[in-house]
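From the sequence below, what's the structure:
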Amino acid sequence: MTETEKIDEYILAHIDKEGDYMHRLWRATQLHLLYGRMASGHLQGRLLKMLVGMVKPKLVLEIGTYSGYSGLCIAEGLEEGAHLHTVEINDEQEDFTLPWFQNSPYADRITMHIGDALEVVPKLGLQFDMAFIDGDKRKYVEHYEMVMSHLNKGGYILADNTLWGGHVVDENAKDAQTEGIRRFNDHVAQDIRVEKVMLPLRDGLSIIKKK
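Next up, the predicted model:
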């Protein structure tokens with residue numbers, strides 16, 4: 001076991017437990033879906049729940065539902081009457097994910113939409129207090145700008161994978177997804193409309209506040 005793996009284990013042993021339902025979802029994600037590591041997981045899931053509890057949003061938007069792990073963690077942190085709208089572009093994902101939402105204690109707090117978030121969200125006609133961007137890395141800037149137009153003043157955007165496995169600082173990494181993340185990070189860094197911080201948590205998590 002490497003030093004990093006030991007530190008990861010130590011962290012997980014000293015934070016709130018994942019919970020049986022979430023652990024079963026994590027295991028099912030790894031067993032039945034491609035790219036299981038895309039799921040947020042124990043540490044990031046507990047952070048999402050805590051951040052939601054701190055901000056106390058009434059409406060939350062998630063772009064990139066995948067297996068529903070992050071969505072359930074967000075829903076767990078919501079207060080009574082608050083709601084999460086999560087958008088997944090891959091319609092084949094619905095058969096796996098929707099039952100995990102429906103069978104959870106937070107089913108009434110979640111609405112899942114299938115489609116392109118750039119088309120789905122404007123049609124909802126809603127203003128959000130928080131958004132979690134975790135969809136197509138090539139469209140992060142487009143998703144960000146769309147979210148900003150539907151985000152209340154003082155609202156927060158959480159953007160996942162903003163370090164992209166370290167590829168953002170690898171001069172030889174020129175694939176479309178890495179370039180998309182770099183473009184997004186540069187765009188946010190120069191955006192005077194927001195306050196921002198980037199955390200080296202897992203694959204990088206940016207926290208952005210609309211002024």
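
Can you work out which other helices and strands pack against the lowest-mean-pLDDT helix or strand in the chain?
Ranking every helix and strand in the chain by mean pLDDT, DSSP states H and E puts helix 3-13 at the bottom, with a mean of 91. When contacts are defined as 3 or more C-beta pairs under 8 Å, 6 or more residues apart in numbering; DSSP states H and E, helix 3-13 sits against helix 41-55. Glycine gets a C-beta too; all of them are placed from N, C-alpha and C.

Tell me where the model's unsure across this structure.
Applying pLDDT under 70 to the chain flags no residue at all.

What segments of it are helices?
Listed in chain order, the helices of the chain (DSSP state H) span residues 3-13, 20-32, 41-55, 69-77, 94-102, 117-124, 140-148, 176-189.

and of these, who's closest to V169?
Evaluated with C-beta to C-beta, the helices of the chain place helix 176-189 nearest to V169, the distance being 9.3 Å.

Run the chain-centre distance for the closest one.
Distance, stretch centre to chain centre, for helix 176-189: 16 Å (C-alpha atoms, centre = their mean, to the nearest Å).

again, but for stretch 106-125
With C-alpha atoms, centre = their mean as the basis, the distance from the averaged C-alpha position of stretch 106-125 to the chain average is 14 Å.

okay, how far is it across it, tip to tip?
This stretch, stretch 106-125, spans 23 Å end to end (C-alpha to C-alpha, to the nearest Å).

Which other helices and strands does the longest strand seen in the chain contact?
Taking DSSP state E as the criterion, the chain has its longest strand at strand 151-160. Judged by 3+ C-beta pairs under 8 Å, 6+ apart, the packing partners of strand 151-160 are helix 41-55, strand 128-133, helix 140-148, strand 205-210.

can you list the ones you listed in JSON lines and add mean neighbour count?
Formatted as JSON lines, the entries for these read as follows, by neighbours: other C-beta atoms under 10 Å:
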{"stretch": "helix 41-55", "mean neighbour count": "19"}
{"stretch": "strand 128-133", "mean neighbour count": "25"}
{"stretch": "helix 140-148", "mean neighbour count": "20"}
{"stretch": "strand 205-210", "mean neighbour count": "20"}
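
Look up which residues are beta-bridged to M112.
T86 (DSSP bridges).

show me what contacts it?
When contacts are counted by C-beta atoms under 8 Å, 6 or more residues apart in numbering, M112 touches T65, G71, T86, V87, E88, E94, T97, L98, F101.

circling back: and the helices of the chain: which comes nearest S206?
helix 176-189 (6.6 Å).

who does the closest one touch, helix- and strand-wise?
In terms of contact count using 3+ C-beta pairs under 8 Å, 6+ apart, helix 176-189 is assigned the packing partners helix 140-148, strand 194-199, strand 205-210.

Parallel or antiparallel, list what pairs with the last one.
Which is strand 205-210. Next to strand 205-210 in the sheet, as set by DSSP bridges, lie strand 151-160 (antiparallel), strand 194-199 (antiparallel).
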